[in-house]
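**Student:** Model the structure of this input:
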Amino acid sequence: MRFLGSAKIAAGVIIVSGSDKRILKSTAWVARSLGLNVCSVLSKPIRPNEFVAALNDWPLSEKVRDPAIENRPISYEYIRDAIHNREIVPYFQPKVDLATGRITGCEALARWVSPEREVCSPMHFLNAVEQFGLMGDLTTSMLDQSIEASKELQNGPCPVNVAVNISGADLSRIDLPERVEGMLGKYGVAPDLLTIEITETAAMADTLTATDVIIRLRLKGIHVAIDDFGTGYSSLAALAQMPFSELKIDQSFVRNCLADADMAKIVNVSIQLAKQLKMKSVAEGVCNAELARFLREALCDVGQGYYFSKALSRKRIAAMIEGNQRFECQ
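**Tutor:** The predicted structure follows:
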C-alpha cells in the first residue's frame, strides 16, 4: 500500500483479507491516509456478488474532460484571470430532506468551465489557487455567484438553501460577516437561504477569531455548518464552543455504515448529538437507496450524495428544483 501510495496510483483499490474485521478497518484507514482510492474492504471467503457490488456501487469521481486545462501549466495570471472572468463557477449538488424526498438545499462546488465549455474538477486547480494566495478571491467569487444563483433557485414549491464552503484563511478575516451580508443585500436574498460551511480543522486553527465570525454570521440570520464532522481532532470542542446550526457527517463514516457496525454507531451517535444541540444533521456520501433508508430511520434530517445527484450546473439544478423532483428515501 505504501508503494502504491508513493506511486500516486489513481485506480480504485479493493482490500481483501481473512484477518479480523477491526484489523481490516484499520488497514483501510491507513490506505486512505496514503492517498489510495479504497473502493471496498472484503473479508474472506469472498462471494462473487459481493465483489461485483463493490465494483458497481462505488461512485466514480468526476472525470476531467478538458486535457487543455488539465495539462497546461497554471501560472498566477492564468488562474487569477480565470477567477475574475468567472470561468470558475459553482455547480450545485442537491441536499435532500430524508423525510419527504424533496430538495431543500444544495452545496456549491467549484468547477472550472473552459471557453470550449469543458468542465474541470477542482483537484486540478485548487492547489494552484492556494499556492498563489488566491483562495480569498475564489471564495469571494463563489459566494457572489452562489448568492446570485440563489434568486433563480427559489422557483420551486419550498425555499432552497445554498451552502458555500470557506477556507481557514477566509474564516480568519474579521470582516467576513459584513461582506457576506453585503452580497445578500446586493441580490436581495434572505440570510436564512445561505449556509456557510466550515471544516472543523479551519474552525480550530484560530478559535477566538472563528468563534467571533461564526457568532456574527448567526446573528445576521446566516446558517453555519461544521463540515466533515469527525475527521479532525477537536470535533466535540468545536461543537461545544461555536454556535453551528448544521452538522455534516463525513462520507467516510456514512458510506461504510451499512457494512460496518462500528461506523453505523458513529453515524447514529452523530445524529443524536446534533439533535441534542438543536442542529440539523446532514449525511454526506449517500450512494444508494438502502443507505438513504437507513439514515431516514436513524432520524437524520438531510442526505447528500450520488444517489440523489452529482453536482449540476446552475441551469440544471434550477430545472430540477422547479420541477419539484422527489427522491425515494423509504
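**Student:** where's the residue of the chain most remote from its centre relative to residue 321, distance?
**Tutor:** No residue in the chain sits farther from the centre than residue 45, which is 34.8 Å out by Cα atoms, centre = their mean. Plainly put, residue 45 is 47 Å away from residue 321 if you go by Cβ to Cβ, to the nearest Å. In short, each C-beta sits where N, CA and C put it, glycine included.
**Student:** Could you report the neighbour count for the closest residue to residue 307 other than its chain neighbours?
**Tutor:** In space, residue 307 comes closest to residue 286 once its chain neighbours are excluded; the distance is 4.8 Å by Cβ to Cβ, 6 or more residues apart in numbering. Neighbours of residue 286 under the rule other Cβ atoms under 10 Å: 27.
**Student:** List the residues that contact residue 286.
**Tutor:** Residue 286 makes contact with 254, 292, 295, 303-308, according to Cβ atoms under 8 Å, 6 or more residues apart in numbering.
**Student:** so which two of those residues are the farthest from each other?
**Tutor:** Between any two of the contacts of residue 286, the greatest separation by Cβ to Cβ is 14.3 Å, found for 295 and 306.
**Student:** which of those two has more neighbours?
**Tutor:** residue 295 (26 against 16).
**Student:** name the element that one belongs to?
**Tutor:** Using DSSP states H and E, residue 295 sits in helix 289-297.
**Student:** Can you name every helix or strand that that helix contacts?
**Tutor:** helix 261-276, strand 302-304 (3 or more Cβ pairs under 8 Å, 6 or more residues apart in numbering; DSSP states H and E).
**Student:** the inter-axis angle of it versus helix 261-276?
**Tutor:** If you take axes from the mean of the first three to the mean of the last three Cα atoms, to 10 degrees, helix 289-297 sits at 40 degrees to helix 261-276.
**Student:** please begin residue numbering at 17 from this point
**Tutor:** Taking 17 as the first residue, the last one we looked at is helix 305-313.
**Student:** So which of the contacts of residue 302 wins on neighbours?
**Tutor:** Neighbour counts for the contacts of residue 302, by other Cβ under 10 Å, peak at residue 270, which reaches 28 neighbours.
**Student:** Which pLDDT value goes with it?
**Tutor:** On the pLDDT scale, residue 270 is placed at 93.
**Student:** What of the one 3 residues further on?
**Tutor:** Among the per-residue scores, residue 273 holds a pLDDT of 91.
**Student:** Also the one 4 residues further on?
**Tutor:** We have a pLDDT of 88 for residue 277.
**Student:** and it, how many neighbours does it have?
**Tutor:** 9.
**Student:** What distance do you get for it to residue 41?
**Tutor:** Distance of residue 277 to residue 41, computed by Cβ to Cβ: 10 Å.
**Student:** tell me the pLDDT at the residue lying closest to residue 339 once chain neighbours are set aside?
**Tutor:** Among residues not flanking residue 339 along the chain, residue 172 sits closest, at 7.9 Å (Cβ to Cβ, 6+ apart). Residue 172 carries a pLDDT score of 76 in this model.
**Student:** Please apply the same query to residue 87.
**Tutor:** For residue 87, the predicted pLDDT is 53.
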